[in-house]
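> sharing a model that was predicted from the sequence below.
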Amino acid sequence: MKCVIAGGNVKVLGQAVHSLSRIGDELYLEPTESGLSLRTVNSSRSAFASFLFAPLFFQLYEPGPTPDTEHFRCKVHMKSFLGVFRSLPSLEKLVGKCLILLKPRASRLVLQLHCKYGVTKTHNLAFQECEQLQAVFDTQSCSSCLCAPARVLAEAVVHFPLTLAEVTLGTGPGGKIGLRNYVEDEAEPSKTMVTELWLAEDEFQSVVVSPGSRITFCLKEFRGLLTFAEASNLPITIHFDEPGRPVVFTLDDTVLEVHLVLATLSDLERDSQPAPTNGVSHLPAPSDDFADDLESYMVALETSTYEGDPEEPPSPTFPLHNPQTVQGNPEEEEEEEDEEETVPGTPPHKKFCSLFFGSVLTPGGPSLAPTQEVLAEDSDGEN
């Protein structure tokens, strides 16, 4: 792969990397005919982000393999890649062009920053080959959809403290959309600060929501997307459904397509009732065989499944797949039942359903790993 980014697009790429760094510790790169894809996922599998830069975004774009060959995918450490674009002001003032070279034989990802006064900064990053990483979700099945300028949402969340972990988005009377900090049930009212604000329907570009709908998601990752969207002056579209099913934030432009998928807090009243899955694992009881299948689950994490011709580039949407059922060992389940019922640092009733990842495995390799229900840890506070 070889691509050249010139002018202000270098800063846009840097802003995208900063947004992705708020989510995962590894950056997945995949050059295709549709453009260069940058993806990441957090350690608890509850947040997934994807940036797809179209060929028009680049001054020169050569994906490398021909359409008759398989696409090459790799992953690098996020901190290493972020170090190249750490200073956004200097990218805008000093850097005139960025060259990205992917050398599979040397296992090196080369980034060259051509700065003013003839200065060239070259970074050689080691990478690992991997399978495609893709969250499985279908935005068309969501019953609620909101579209608003990034500035409106950014001005709304600025009222919440930086240390706030989760925020609740819901509908109110008169078609208003409300944002409120999430408060645990056992919290003492006298020692709890509640911040709540309402946005009128005319603040949004489009509003299609179910009456009484409400979801709770992590705020840290959402802030990162807001910062990028506000700097790029792009509206944000929010697709969501019932509590426990993922919320999808999208940005669309002629040269850029962004997806941020976040797990939402399950509704305790619905936990006892089985619900169809759509990109997440819904199980009424805690999964006791997660530890047994950890290795196979990690294999599925770094892989993906998509329908159609395998030679075609992956679809930027999130197709719907039905996860397989889990078969566990009864003896091992009894031994690990006490340990799996409570996750340290996470209240037992706070259940964030994990995003489900499909897999494409080589012939003769392990079978498709089952989906698991995990209790995602709360997002860390802002650094």
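Arrived safely, thanks for sending. Fair warning: this is a prediction, and the values are worked out from it, not measured in the lab.

> quick one: mean pLDDT over stretch 249-260.
Averaged over stretch 249-260, pLDDT sits at 93.

> residues contacting it, please?
12, 16, 47-54, 56-57, 135, 139, 221-222, 225, 228-229, 232, 234-239, 248, 261-262, 316, 318 (C-beta atoms under 8 Å, 6 or more residues apart in numbering). Backbone N, C-alpha and C define where each C-beta goes, glycine included.

> excluding chain neighbours, what is closest to Asn181?
For Asn181, ignoring the flanking residues on the chain, the nearest one in space by C-beta to C-beta, 6 or more residues apart in numbering is Thr195 at 5.0 Å.

> which residues touch the one you found?
For Thr195, the contacting residues are His159, Phe160, Arg180, Asn181, by C-beta under 8 Å, 6+ apart.

> which ones among the contacts of stretch 249-260 are found in strands?
Mapping the contacts of stretch 249-260 onto strands (DSSP state E) picks out 47-53, 236-239, 248, 261-262.

> per-residue pLDDT, Gln132?
Taking Gln132 on its own, its pLDDT is 74.

> so how many other residues sit close to it?
Gln132 has 21 neighbours, counted by other C-beta atoms under 10 Å.

> now do it against Arg223, distance only.
Note on Gln132: its distance to Arg223, by C-beta to C-beta, to the nearest Å, is 27 Å.

> can you list the domains in the protein?
As recorded under automatic domain parsing, the domains making up the chain are 2-129, 139-268.

> so which residues of the stretch 1-150 of the chain form strands?
Ranges of strands in the stretch 1-150 of the chain, per DSSP state E, counting those that start in this stretch, are 2-6, 26-32, 35-41, 47-53, 60-62, 74-77, 95-103, 108-115, 120-126, 128-129, 144-148.

> format the ones you listed as CSV; extra columns: mean neighbour count, mean pLDDT and distance to Val208.
Converted to CSV, the strands of the stretch 1-150 of the chain look like this (neighbours: other C-beta atoms under 10 Å; pLDDT from 0 to 100; distance: least, C-beta to C-beta, whole Å):
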stretch, mean neighbour count, mean pLDDT, distance to Val208
strand 2-6, 19, 94, 36
strand 26-32, 23, 92, 32
strand 35-41, 23, 93, 28
strand 47-53, 25, 94, 23
strand 60-62, 15, 93, 36
strand 74-77, 18, 92, 37
strand 95-103, 19, 92, 39
strand 108-115, 18, 93, 42
strand 120-126, 13, 93, 43
strand 128-129, 11, 83, 42
strand 144-148, 19, 93, 5
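
> of those, which is nearest Leu20?
Smallest distance to Leu20 across the strands of the stretch 1-150 of the chain (C-beta to C-beta): 4.7 Å, for strand 35-41.

> looking at the strands of the stretch 1-150 of the chain, which is nearest to Ser87?
Of all these, strand 95-103 comes closest under C-beta to C-beta, at 9.7 Å.

> the closest one vs strand 120-126, what angle?
Interaxial angle, strand 95-103 versus strand 120-126 (axes from the mean of the first three to the mean of the last three C-alpha atoms, to 10 degrees): 30 degrees.
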